[in-house]
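*Asks:* here's my sequence, what's the structure:
(one chain, ligands or ions: 2)
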Amino acid sequence: MDKKTILFDFPEGFKADEIRRAKLRGIAPDAELIFQDNNEINQDLIAKVNILIGMPRRSILKYASNLEWLQLLSAGADLYTKPGVLPDGVTLTNATGAYGKSMSEYMICSVLSLLMDFPHYRDNQRQHQWKSSGKSRHVLGTTALVVGLGNIGSEFAKRYKALGGKVIGVKRTPGEKPDYLDELYTADRLDELLPRADVVTLSLPSTGETQHLFGKEKIGLMKPDAVLVNVGRGTAVDTDALSKALYAGKLYGAALDVTDPEPLPAEHPIWDAPNTIITPHISGRWDARENFERVFEIICTNLSRYFDNKTLINIVDLSTGYKKND
Ligand SMILES: NC(=O)C1=CN([C@@H]2O[C@H](COP(=O)(O)OP(=O)(O)OC[C@H]3O[C@@H](n4cnc5c(N)ncnc54)[C@H](O)[C@@H]3O)[C@@H](O)[C@H]2O)C=CC1
Ligand SMILES: O=C(O)C(=O)CO
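*Replies:* Ligands and ions are numbered 1, 2, ... in the order given. Down below sits the predicted model:
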């Protein structure tokens, strides 16, 4: 094998770690390893890189004439699967598997907050009002419908079940039901499942199929006291339709870590919709220590596999936008 040039664009706070550098040198002893900040990657540098580990600016990728493989730090690959972004023949791998454990905590936290009416009490607290909403609910006895049963969806399902809830999973393709699900269906059954769910969670990649999947029609099939949680990509939900449904009391509440568009414009009515929690795409940051440790393990696994001539893990299917064979 020719000598390879590997460029690491690690997040702030992780790039200087000598222990990690030593581990990477051990995996690729004959390669040239370059550690560089995203905004310092210029045309000359990227032109000689064979393997890039990071989240490069898309505009620079057209100069990556020797690039063979791009390993992302993110689970979502949507920014890099658009036609013309990656030079032809480049293998794209993502970091799915790194985020489910932490993001499922965000999801549990937001579901509990909504079931227990915390947004209402937060508003009351600002007014110094000691007043019950009379609406407190618990996971026990409720049904969650998990749409997007990959790493994040399945970690959430396990935790919801452990809290005593019933969990229905929805997959693209048929498969065997794991123990942490009560029921498993394919996505074409969504319309008949939505009226049964107290909690609907979305952990979907952004693809043509998922674009505005949750618009007026699907939202209209949800119970009026159900809550919707979206942590995948904002594009899975029609934000205007959701906003209207929340104001009209057609569903009880929503927790959105991702929105369409991002950033959510300051004047969008959904900011002030009843029982709505909005966070700025923070549920699965790759620069959060625990997440980055898992991302780093994926990087090491894949580099070892590359130099052992084995098939990489987490190869993104450029036609579907997420992990191959999923
Ligand atoms: N908010 C945040 O900070 C983060 C968001 N994400 C987003 O979450 C998404 C999911 O991440 P992972 O669970 O790690 O990925 P994953 O690849 O393990 O799971 C995605 C699942 O969605 C399923 N899917 C795709 N289209 C579908 C459809 N039309 N109907 C039903 N299921 C469908 C796939 O079969 C797959 O099982 C990522 O693609 C990314 O966009 C990921 C990490 C952090
Ligand atoms: O990993 C992803 O897809 C993310 O959105 C991280 O923020």
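*Asks:* what is the burial count for whatever residue of the chain ends up closest to ligand 1?
*Replies:* As assessed by CB to the nearest ligand atom, ligand 1 sits closest to G150 within the chain, at 1.7 Å. Backbone N, C-alpha and C define where each C-beta goes, glycine included. For G150, the count of nearby residues is 21 (other CB atoms under 10 Å).
*Asks:* just confirm A266 is within a strand.
*Replies:* No. A266 is assigned coil when assessed by DSSP: H, G, I helix; E, B strand; the rest coil, not a strand.
*Asks:* surely the residue of the chain closest to ligand 1 touches V231?
*Replies:* No. Counting by CB atoms under 8 Å, G150 sits too far from V231 to count as a contact (11.6 Å).
*Asks:* what residues are shared contacts of the two?
*Replies:* Any residue near both G150 and V231 by CB atoms under 8 Å, 6 or more residues apart in numbering counts here, and that gives S203.
*Asks:* tell me the contacts of the closest residue to G97 other than its chain neighbours?
*Replies:* In this structure, G97 finds its nearest non-sequential neighbour in N151, 5.2 Å apart by CB to CB, 6 or more residues apart in numbering. Listed by CB under 8 Å, 6+ apart, the contact partners of N151 are A75, T96, G97, A98, Y99, G100.
*Asks:* show the pLDDT at D326.
*Replies:* With respect to pLDDT, D326 has a value of 68.
*Asks:* also P29?
*Replies:* 96.
*Asks:* same thing with the one 4 residues further on?
*Replies:* Looking at L33, its pLDDT is 95.
*Asks:* was I right about it contacting K23?
*Replies:* No. Using CB under 8 Å, L33 is not in contact with K23; the gap is 11.1 Å.
*Asks:* count of neighbours near the closest residue to T301 other than its chain neighbours?
*Replies:* Spatially, and ignoring its direct neighbours in sequence, T301 is nearest to I313 (6.1 Å; CB to CB, 6+ apart). I313 has 15 neighbours, counted by other CB under 10 Å.
*Asks:* which residues does I313 contact?
*Replies:* Taking CB under 8 Å, 6+ apart, one finds T93, I298, T301, N302, R305 in contact with I313.
*Asks:* ok so it is a helix residue?
*Replies:* No. Using three-state DSSP, the assignment for I313 is coil, not a helix.
*Asks:* now it: how far from L86?
*Replies:* Using CB to CB, to the nearest Å, we find I313 at a distance of 19 Å from L86.
*Asks:* need the contacts of I313 in TSV with pLDDT, can you?
*Replies:* Below are the contacts of I313 laid out as TSV (pLDDT from 0 to 100):
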residue	pLDDT
T93	98
I298	98
T301	98
N302	98
R305	98
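*Asks:* dump these to CSV, plus distance to ligand 2 and neighbour count.
*Replies:* Output for the contacts of I313, formatted as CSV (distance: CB to the nearest ligand atom, whole Å; neighbours: other CB atoms under 10 Å):
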residue, distance to ligand 2, neighbour count
T93, 13, 23
I298, 11, 23
T301, 17, 16
N302, 16, 24
R305, 21, 15
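*Asks:* residues in the stretch 51-200 of the chain within reach of ligand 1, list them.
*Replies:* 75-76, 96, 99-100, 103, 147-153, 170-172, 187 (CB under 6 Å from any ligand atom).
*Asks:* out of the residues you listed, which are inside strands?
*Replies:* In strands, judged by DSSP state E, the following of these are found: V147, V170, K171.
*Asks:* for these, which single residue is the most surrounded?
*Replies:* So for these (other CB under 10 Å), the most neighbours sit at V147, 27 neighbours.
*Asks:* how about that one: what's its closest non-neighbour residue?
*Replies:* The shortest distance from V147 to any residue other than its chain neighbours is 4.8 Å, reached at V170 (CB to CB, 6+ apart).
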